[in-house]
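Undergrad: sequence? don't have it. structure:
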């Protein structure tokens, strides 16, 4: 599917969580408490646990992946249609819809695959992800990045982690991914 920050990326990157806490109008980072992070994880897990049985199984992960892929496909469809309208600037229809669609094909949605997520988060290998298994990697990252152990990731701690992560990360290019993060 498509590269974007979602719950799995959220689990892998505490600095991204902290930066996402920034007020929308200022673009400024702000401190993130362990409680705020914990609440966000609980809300995301509750959304992921569609049948509310306290465990996230393959069907629920597949449903989340499918929903995210469909939302991304709808965005692409709207962008494609807007581009067509731009090409036909005088409204004459000299670029037919059939010609346009021949050159602007939509990607197909691949079948979702819960296995990589179960492999990563299902610590006891029972085929589902408990709330504790879901939260553990992110809370562990938070604890590691909270250098002064005050329960808050300060802006300085966030920036240090982001700088360290950027230095280690290979350059990414925007491509269709076979296994997307668990996204909304």
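TA: Here it is on my side, so go on. Please read these numbers as outputs of a predicted model, since none were measured by experiment.

Undergrad: quick one: buried residues of stretch 154-172?
TA: Using 16 or more other CB atoms under 10 Å as the test for burial, stretch 154-172 gives 154, 157, 158, 161, 162. Bear in mind the C-beta positions are built from the backbone N, C-alpha and C, glycine included.

Undergrad: ranges for the strands of the protein?
TA: 32-33, 55-56, 129-130, 152-153 (DSSP state E).

Undergrad: deepest of these, which one?
TA: Sort the strands of the chain by mean neighbour count, taking mean count of other CB atoms under 10 Å, and strand 152-153 sits at the top with a mean of 24.

Undergrad: paired strands for that strand, with orientation please.
TA: Paired strands of strand 152-153, with direction, are strand 32-33 (antiparallel) (DSSP bridges).

Undergrad: how far out from the middle of the chain is the strand it pairs with?
TA: Centroid separation for strand 32-33 versus its chain: 20 Å, with CA atoms, centre = their mean, to the nearest Å.

Undergrad: swap in stretch 57-71?
TA: Distance, centroid of stretch 57-71 to centroid of chain: 12 Å (CA atoms, centre = their mean).

Undergrad: what comes up buried for it?
TA: Applying 16+ other CB under 10 Å to stretch 57-71 flags 57, 58, 60, 61, 62, 64, 65, 68, 69 as buried.

Undergrad: do the same with stretch 91-106
TA: Under 16+ other CB under 10 Å, the buried positions of stretch 91-106 are residue 100.

Undergrad: please apply the same query to stretch 107-120.
TA: With the criterion 16+ other CB under 10 Å, stretch 107-120 contains buried residues 112, 114, 117, 118.

Undergrad: just the closest of these to residue 168, please.
TA: Among these, residue 117 lies closest to residue 168 (CB to CB), at 22.7 Å.
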